[in-house]
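Novice: Following is a predicted model, sequence given first.
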Amino acid sequence: MPVLRPVDRVLLRICAQVATPRALAVKLMLEHGELDQLVSLQTDPKHYPTAEAYWADAQVSDLLRKDESLSTSCDRKAVAEENFLKSERQCALTNLRLAPYIIHLRRKDSDVPPLADEIEDGPLELIQRVRKKLRDWLGDRPPLTWEGRFGPGATYGDRGRLTTLPDKMSSRPTITTSALPFLFQWSGTAWATACASGVVRRDPEFVAGNRFTTVPKDATKHRGIAVEPSINVFYQLGLGRLIRKQLRRAGVDLLSAQDTHRRVACEASRDGGFATLDLSNASDTVCHNLVRLCLPHSWYEHLRMLRSPKTFFKGQWHVLEKFSSMGNGYTFELETVIFSAITAAVHEMVTGEAAKLHQNVFVYGDDIICKTDVSLDVIAALRWFGFSLNERKSFVSGPFRESCGGDYFNGVPVRAHFLKEEPSEPSAYIALANGLRRASQGRPGRWQTVLPSWLRVLDELPLPIRNLFGPEALGDIVIHDENSDRWQLRLRSGIRYVRVYRPARWKRVGWDHFREDVMLASFLYTRWDERGGTLPCGRPRPYVGVTPRDSVSGYKVGWVPFS
């Protein structure tokens with residue numbers, strides 16, 4: 001029998017409380033080390049009569065499904081690499097299917113007799129409606145210039161911990177040859193000035209494209225992403241912001257869209273008026289010809305110039321059939337606007353009524369909500385455009401709907417808690433305890449189910465930390481408990497403080513490691529509270545240095561204000 005971890009014993013306690021055939025199966029798999037079977041379990045809501053029955057089995061099945069530390073036999077990186085190749089093959093077929101329509105519309109616009117043999121009237125009408133939607137929402141062309149911005153992640157030439165803003169300012173910039181027109185605009189930035197004023201001039205390095213890598217997704221596979229050249233992604237992020245702005249004018253605020261999706265999914269699980277659809281590998285299957293065919297020409301050209309035409313994959317350059325990958329700064333916004341246009345066009349073709357974003361069409365990335373009456377037509381259209389429906393996470397009938405992290409069964413929240421890695425120190429156990437409490441959704445029956453496991457998690461905490469209760473608004477620096485009588489409080493200068501377990505030490509890089517011109521350029525691109533990090537209460541730190549990602553190196557018991 002394998003040695004059980006503390007988190008495994010937490011799951012066993014939940015199984016004992018649930019006491020269903022699924023819980024017994026999970027218990028036996030865990031105790032006998034059948035972890036591959038455990039992480040492959042699926043909980044189909046169609047097989048459950050009530051929300052509580054579904055939630056109980058979902059919780060025992062899903063707690064460890066995303067646990068990266070689980071010792072399964074899966075080669076997670078190999079799965080991501082195979083998905084990359086599979087998506088490229090899928091995009092290649094779609095590019096071939098769409099090519100005649102590109103030629104047809106181009107010949108039609110130039111008064112040359114259009115093609116006839118390979119063109120079908122139904123898809124052509126759909127394409128024309130999608131093109132009109134995108135032109136109405138985006139306009140004919142983006143502005144002549146726009147501001148770029150830096151993201152928090154790595155770039156083609158900036159790896160590991162050397163991905164802070166001044167690190168990016170200090171390294172040699174990278175750019176693809178297709179993005180050459182943007183060099184003139186870039187040359188007027190503070191970033192370019194910092195590159196030119198050092199002892200060694202750092203002119204941009206031309207690279208063929210982006211670099212393939214993987215990030216954790218769950219216990220069975222990794223997710224493939226692409227790391228973009230630094231100047232490309234700088235302007236990609238700016239272009240993505242422009243698309244967001246145009247979507248906001250069309251009625252979609254992506255900042256609040258997730259809450260809207262969850263609300264609509266909850267209502268749809270009661271009345272069945274909307275279907276929730278999810279796509280597999282959506283960003284990796286937006287093929288090049290789809291963007292070329294549907295977007296206004298000027299938008300397409302700007303997007304094309306900034307995309308990476310190749311990916312460095314397993315030691316060699318691979319010419320891309322897809323338009324952009326996860327890691328590209330505008331991929332999310334681009335797929336949102338394309339899926340919105342396809343869904344809205346199908347809605348109007350089927351119903352004859354106007355499609356209105358965030359009224360009868362809801363799209364956030366590849367999370368799509370449409371009227372149930374048109375859902376099968378939307379699915380057919382998406383498949384024709386080269387996308388694959390995620391059958392396990394799409395719902396067009398029954399009492400269950402899922403969107404943007406919200407799972408609902410007849411209007412009742414049934415989202416289980418997922419553990420992403422084995423807890424190794426007190427802050428992770430606090431997060432696990434809070435996750436189990438959130439999964440109970442304040443429902444007494446569920447709380448009785450998770451209470452023994454919740455207590456088991458608290459047993460892993462040292463006694464001084466085990467009693468640090470506080471409000472949910474403070475996040476995972478306290479154990480959530482809305483009963484303020486259990487909080488440890490003190491009053492100072494009329495301000496109420498709560499005792500918490502908070503980050504105490506940060507790994508910082510001092511400003512003395514960077515040249516003055518790099519410091520100045522970095523300050524111009526950041527807000528005040530980003531220049532030295534922030535305290536848990538939100539107050540800006542002094543200019544003590546740069547705080548890298550994952551920079552917390554220690555915790556301590558302390559006090560934070562809470563009004």
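Specialist: Yep, that arrived. Not measured: the values here are computed from a predicted model.
Novice: tell me what whichever helix or strand Ser453 is part of is packed against?
Specialist: Mapping Ser453 onto the secondary structure by DSSP states H and E places it in helix 444-458. In terms of contacts (3 or more Cβ pairs under 8 Å, 6 or more residues apart in numbering; DSSP states H and E), helix 444-458 is packed against helix 6-18, helix 51-62, helix 426-439. For every residue, glycine as well, the C-beta is placed using N, CA and C.
Novice: now, of those helices, which is deepest in the fold?
Specialist: Of these, the one with the most neighbours on average (mean count of other Cβ atoms under 10 Å) is helix 51-62, at a mean of 23.
Novice: residues making contact with that one?
Specialist: Taking contacts as Cβ atoms under 8 Å, 6 or more residues apart in numbering, the residues outside helix 51-62 that touch it are 11, 14-15, 18, 20, 22-23, 26, 41-43, 45, 48, 400, 407, 409-410, 412, 414, 416-418, 439, 443, 445-446, 449-450.
Novice: swap the cut-off to 7 Å and go again
Specialist: The set of residues external to helix 51-62 that reach it, using Cβ atoms under 7 Å, 6 or more residues apart in numbering, is 11, 14-15, 18, 20, 22-23, 26, 41, 43, 45, 48, 409-410, 412, 414, 416-418, 439, 445-446, 449.
Novice: angle of it against helix 426-439?
Specialist: 150 degrees (axes from the mean of the first three to the mean of the last three Cα atoms, to 10 degrees).
Novice: any idea how far Lys371 lies from Ile465?
Specialist: Using Cβ to Cβ, to the nearest Å, we find Lys371 at a distance of 50 Å from Ile465.
Novice: Pull out the buried residues from the contacts of helix 51-62.
Specialist: In the contacts of helix 51-62, burial by neighbour count holds for 11, 14-15, 18, 22-23, 26, 41, 43, 45, 48, 409-410, 412, 414, 416-417, 439, 446, 449, counting by 16 or more other Cβ atoms under 10 Å.
Novice: Can you name the residues that contact Ser69?
Specialist: Glu421, Glu422.
Novice: what are the phi and psi values for it?
Specialist: Backbone dihedrals for Ser69, given as degrees, to the nearest 10, come out at phi -80, psi 0.
Novice: any weak-confidence spans in the stretch 51-200 of the chain?
Specialist: Within the stretch 51-200 of the chain, the segments meeting pLDDT under 70 span 109-118, 198-200.
Novice: now the helices for it?
Specialist: Assigned by DSSP state H, counting those that start in this stretch, the stretch 51-200 of the chain shows helices spanning 51-62, 76-109, 121-138, 165-170, 183-186, 190-196.
Novice: right, and those helices - which one's nearest Arg223?
Specialist: Arg223 lies closest, by Cβ to Cβ, to one member of the helices of the stretch 51-200 of the chain: helix 76-109, at 6.1 Å.
Novice: Can you point out the buried residues in the closest one?
Specialist: Going by 16+ other Cβ under 10 Å, helix 76-109 has these buried residues: 76, 79-81, 83-84, 87-88, 90-91, 94-95, 97-98, 100-102, 104-105.
Novice: go on, stretch 120-129?
Specialist: Buried residues in stretch 120-129, counted by 16+ other Cβ under 10 Å: Leu126, Ile127, Arg129.
Novice: Need the residues you listed in CSV (columns: distance to Arg172).
Specialist: Supplementary listing: the buried residues of stretch 120-129 in CSV, determined by distance: Cβ to Cβ, whole Å:
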residue, distance to Arg172
Leu126, 46
Ile127, 43
Arg129, 46
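Novice: Next, format the helices and strands packed on helix 444-458 as a markdown table and append distance to Gly365.
Specialist: As requested, the helices and strands packed on helix 444-458 are arranged in a markdown table below (distance: least, Cβ to Cβ, whole Å):
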| stretch | distance to Gly365 |
| --- | --- |
| helix 6-18 | 30 |
| helix 51-62 | 21 |
| helix 426-439 | 23 |
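Novice: separation between Leu41 and Ala56?
Specialist: Using Cβ to Cβ, one gets 14 Å for the distance from Leu41 to Ala56.
Novice: brain fart, Asp62
Specialist: With the distance defined as Cβ to Cβ, Asp62 ends up 11 Å from Ala56.
Novice: ok, now Ala154?
Specialist: 41 Å.
Novice: go on, Lys221?
Specialist: The span separating Lys221 from Ala56 equals 26 Å under the rule Cβ to Cβ.
Novice: swap in Pro309?
Specialist: In terms of Cβ to Cβ, Pro309 sits 50 Å off from Ala56.
Novice: got it, and Arg97?
Specialist: 45 Å.
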